[in-house]
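Colleague: the amino acid sequence is not available; the structure is as follows:
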């Protein structure tokens, strides 16, 4: 993220409530620690089951968004519906750049949304459920030695847990790209 935005003075990170916002907080913390970027953090609140008939709320100051870089964060993309409606919210502003970030991409997209930064892509069936637990993040850093543990699991019984960049229970899963 920093590599693609190092020339910017500031970026706006919007995390989709709830777990997308927790991930956005961690990304903001890392960006602040490795760069001179001024990072603005906000939360997107929406009814994920009925996004067309309810207003999307964003805690970022929309008067400051024109001409800026927005990084939209969610934990898991499944059909792409939540992400596409969140992207649509930001299309009302003349942004310099809008990028999407997800921890897990399940590749079942039914909507035309492109994820720019992915932690890990999982081949799953539609019947499987992916859940993400990010932990408390009290000691979160940006390397494998940070001590921060997180986990995600599939309801089919395949559970994966580990430290940043390491998934100890499944040798066949690729190491995720660093989100920062």
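Modeller: All right, it came through fine. The model shown is predicted, which means the values in this text are computed figures rather than measured ones.

Colleague: rest of the way, CA atoms for contacts and neighbours
Modeller: Will do.

Colleague: how about the nearest residue to residue 79, chain neighbours excluded?
Modeller: Spatially, and ignoring its direct neighbours in sequence, residue 79 is nearest to residue 109 (4.1 Å; CA to CA, 6 or more residues apart in numbering).

Colleague: element containing the one you found, please.
Modeller: Here residue 109, judged by DSSP states H and E, is contained in no helix and no strand.

Colleague: measure stretch 98-115 end to end?
Modeller: End-to-end distance for stretch 98-115, by CA to CA, to the nearest Å: 11 Å.

Colleague: what residues does that stretch touch?
Modeller: Defining contact as CA atoms under 8 Å, 6 or more residues apart in numbering, one finds that stretch 98-115 is touched by 20, 69-81, 83-84, 116-124, 126, 179.

Colleague: repeat for stretch 81-90
Modeller: Here stretch 81-90 has contacts from 16, 44, 48, 51-52, 56, 72, 74, 77, 109-113, using CA under 8 Å, 6+ apart.

Colleague: same question for that stretch, mean pLDDT?
Modeller: In this model, stretch 81-90 has a mean pLDDT of 92.

Colleague: show me where this protein has its strands.
Modeller: Remark: strands assigned in the chain by DSSP state E are 10-16, 38-45, 57-58, 69-77, 97-105, 117-121, 130-133, 149-154, 159-163.

Colleague: same list, those strands, but as JSON lines with mean pLDDT and mean neighbour count please.
Modeller: Listed next are these as JSON lines, based on pLDDT from 0 to 100; neighbours: other CA atoms under 10 Å:
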{"stretch": "strand 10-16", "mean pLDDT": "97", "mean neighbour count": "24"}
{"stretch": "strand 38-45", "mean pLDDT": "97", "mean neighbour count": "18"}
{"stretch": "strand 57-58", "mean pLDDT": "96", "mean neighbour count": "16"}
{"stretch": "strand 69-77", "mean pLDDT": "93", "mean neighbour count": "24"}
{"stretch": "strand 97-105", "mean pLDDT": "93", "mean neighbour count": "21"}
{"stretch": "strand 117-121", "mean pLDDT": "88", "mean neighbour count": "19"}
{"stretch": "strand 130-133", "mean pLDDT": "65", "mean neighbour count": "16"}
{"stretch": "strand 149-154", "mean pLDDT": "47", "mean neighbour count": "16"}
{"stretch": "strand 159-163", "mean pLDDT": "41", "mean neighbour count": "16"}
